[in-house]
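K.L.:
I would like the atomic coordinates for the input below:
(one chain, ligands or ions: 2)
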Amino acid sequence: MASTQRRVQVLAPEVARKIAAGEVIERPASVVRELLDNAIDAGAGSVELQIANGGIDSVRLVDDGWGISPEDLSTCILPHATSKIRSAEDLEHVASLGFRGEALASIAAVARLEITSRTPGNDTAYRLTAEAGKAKPPQPVAAQPGTTVVVNNLFYCVPARKKFLKNPRAESAAVRATLTERATAFPELQFRFFVDGSLRAFYPPASASERIAALFADAVPANQLHEIRGSGPGFQITTVLAAPEHYRRDRKQIQVFVNRRRIAEFAFVQAVEHAFTPFMAGGRFPIACVFIECEPELVDFNVHPAKKEVRFRTKAEIRRRLVEVIREFLHAYDRSRHDLRTVPPADHGTPPPASETSTAGLFTEDKEQGLSAGERVAMIHRSRAPIVPDTPPAPAGAEFRYLGQVYGVFLLVEYRGRLFALDQHAAHERVLYERYRAHRNRQQLLVPIEIEADETQERHLSASQAAWAELGLTLTQLAPGRWRIEAVPAACRDEEQLLSEAVLEAAPHTDSLSDRFYTELACKAAVRDGDPLEPGAAEQLISDTLRLPQQRCPHGRPLWIEISREELFRRAQRL
Ligand code: ADP
Ligand code: MG
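P.N.:
Numbering: from 1, shown residues only. Ligands and ions are numbered 1, 2, ... in the order given. I've put the predicted structure just below:
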């Protein structure tokens, strides 16, 4: 990443003192992290990593970068020896992954280190060996241009540290995770990974989404990944994400990189989650890699010895923009996939081809699949029929035929020659939610509604009182533990019985109060599973649903499920 090669020098003590100190080498994966960073900083196009016995016996990294001159070889293993910064001011604009000048020195202190390097202008390579911090003068050897670093017998001279290592399998997994992180952030580089002599991974140079598809091939098919971009003052964001049909049950696959470094910054992970909330049902988490590139002056990595933490000058701005670009994409995606009005009419002239493997239709979010890694991600099959985006909305009501209610939950609808099941509760919820939001003028209640609140609820009500007022709901305290709703947004006034519960449930969420309130209220007021619906009411609900701007329920579930012709034909063994 450093764009030029400079001499290695030991930092002046006053500069060295400004660097966040801490243990850099804890386990083989930390050796690998530091060696990979050095190779990348040296402009390598291709790196090969080999480990033996989880990296405890040996780690070997071969790069084709610009190498280390024979003069610099002996210097580079000294504490605070670096070619990447010179002065304290340089710390403000670090563009390389490394800058502390401590990695090789720390490794040399706890392992047997061997560095062989050849610079492009040199016919000969030189090899430096160091043991327990003591180096021998570099010797000429034959080798390709670039650098090979071998770290043998980690912690052989510090048995107390060696005791803390896990078994080789666990160490090997940690090494792999480190490699994966770098491979995610540097798709233009080639990576090869060998464990105990056998090739375990090979990633040729690729685009960001191709690389992520290669890394997580088990979780998401490549054609389900989307690369979206956005920018703001001094920063750019590239996000590679899977459509909301793919998800995990934990946050592990929301990864954030700043200037190509993976960071553990919860604010950004949360931002991604937040952006997906309207598109994903509860307990599900998106799959997304966020790459933020910002001017080095805007971030400070000199906080944590392993650079996992970062200080930002424009965190709020980046966060806001991140949510915005993801939402924009998801809305457009949803319109093209989950909005019935964009469905092209079925062509029933010819039966579907026998080779069709798709079992699920346009909107089916089908079963979660077990992955080789024991992880579970929901998969969706691609539709056979092309989806035509941006089709102008059809006049609602004109093109559907209501066929009846099944299982007390679904309304069967024929629409443009295709068969759909509409989730009656989810659909009604969204219809009500939109209605509440559309008519927000305050309306005085003839009979105010009293709320009894326990201590916690009392706290939340007091804290949210102003936010309620803003929403059009007048909440006054009569006495400790006794409150009264005096006015509500006009569209909610029919839900009198449900208001106090919805208010209590939404009150703790002051930052998303209106959304919570309308969601709670809609959920309570909507037809329930098992409620019979008169045909007239069902038809009304279908036509209301077809007019919705967003055809998902407020909790993020899709409303329509297609029962495809292919599936029926296949199951009837007509194909
Ligand atoms: P830092 O990366 O913080 O500068 P290191 O101890 O990791 O400190 O490395 C010291 C120096 O050795 C680097 O600044 C760089 O000049 C040189 N170096 C280390 N590894 C390589 C490599 N693979 N290719 C070229 N130069 C390297
Ligand atoms: Mg380094």
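K.L.:
for the residue nearest to Ile292 when sequence neighbours are not counted, give its distance to Arg33.
P.N.:
In space, and not counting its chain neighbours, Ile292 is closest to Val258: 4.8 Å by Cβ to Cβ, 6 or more residues apart in numbering. (Glycine included, C-beta is placed from N, CA and C.) Note on Val258: its distance to Arg33, by Cβ to Cβ, to the nearest Å, is 16 Å.
K.L.:
ok and the residue in this protein nearest ligand 2?
P.N.:
Closest residue of the chain to ligand 2, Cβ to the ion: Gly98 (2.8 Å).
K.L.:
verify the stated contact: that residue with Glu34.
P.N.:
Yes - using Cβ atoms under 8 Å, Gly98 is in contact with Glu34, at 7.4 Å.
K.L.:
pick out whichever of the two has more residues nearby.
P.N.:
Shown here are Gly98 and Glu34; by other Cβ atoms under 10 Å, Glu34 has more neighbours (26 against 22).
K.L.:
which is the next helix or strand following the helix or strand that one falls within?
P.N.:
For Glu34, the host element (DSSP states H and E) is helix 28-41. Remark: after helix 28-41, the chain's next helix or strand is strand 46-52, criterion DSSP H and E.
K.L.:
helices and strands around that following strand, which ones?
P.N.:
Counting contacts by 3 or more Cβ pairs under 8 Å, 6 or more residues apart in numbering; DSSP states H and E, strand 46-52 is packed against helix 28-41, strand 58-63, helix 168-185, strand 190-195.
K.L.:
next one: that strand to chain centre, how far?
P.N.:
Computed by Cα atoms, centre = their mean, to the nearest Å, the chain-centroid distance of strand 46-52 equals 27 Å.
K.L.:
is ligand 1 contacted by it?
P.N.:
No - Strand 46-52 stays clear of ligand 1 (Cβ under 6 Å from any ligand atom), getting no nearer than 9.0 Å.
K.L.:
contacts for that strand?
P.N.:
By Cβ atoms under 8 Å, 6 or more residues apart in numbering, the surrounding residues in contact with strand 46-52 are 28, 32, 35-36, 39-40, 58-64, 172, 175, 179, 189-197.
K.L.:
among these, the buried ones, what's the PyMOL command?
P.N.:
Only the buried entries of the contacts of strand 46-52 go into this PyMOL selection, using 16 or more other Cβ atoms under 10 Å:
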select buried, resi 28+32+35+36+39+40+58+59+60+61+62+63+64+172+175+179+189+190+191+192+193+194+195
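K.L.:
and Val236, how many residues sit next to it?
P.N.:
Actually, residue 236 is Gln. It isn't Val. As a burial measure, Gln236 scores 14 neighbours (other Cβ under 10 Å).
K.L.:
just give the nearest non-adjacent residue to it, would you?
P.N.:
Closest residue to Gln236 apart from its sequence neighbours, by Cβ to Cβ, 6+ apart: Glu293 at 4.7 Å.
K.L.:
now the residue lying closest to Gly55 once chain neighbours are set aside: how far from Glu14?
P.N.:
Spatial nearest neighbour of Gly55, excluding adjacent residues (Cβ to Cβ, 6+ apart): Pro28 at 2.7 Å. Using Cβ to Cβ, Pro28 is found at 34 Å from Glu14.
K.L.:
one more: Ala142?
P.N.:
Going from Ala142 to Glu14 by Cβ to Cβ gives 42 Å.
K.L.:
same check on Ile237?
P.N.:
Going from Ile237 to Glu14 by Cβ to Cβ gives 37 Å.
K.L.:
same drill for those two, tell me which one is more crowded.
P.N.:
Ile237 (21 against 9).
K.L.:
my read: that one touches Phe291, true?
P.N.:
Yes - using Cβ under 8 Å, Ile237 makes contact with Phe291 at a distance of 7.0 Å.
K.L.:
for the residue of the chain found nearest ligand 1, which non-adjacent residue is spatially closest?
P.N.:
Nearest residue of the chain to ligand 1: Gly98, at 2.4 Å (Cβ to the nearest ligand atom). Using Cβ to Cβ, 6+ apart and skipping the chain neighbours, the partner closest in space to Gly98 is Asp37 (5.1 Å).
K.L.:
who are the contact partners of that neighbour?
P.N.:
Applying Cβ under 8 Å, 6+ apart, the residues near Asp37 are 97-98, 103, 182.
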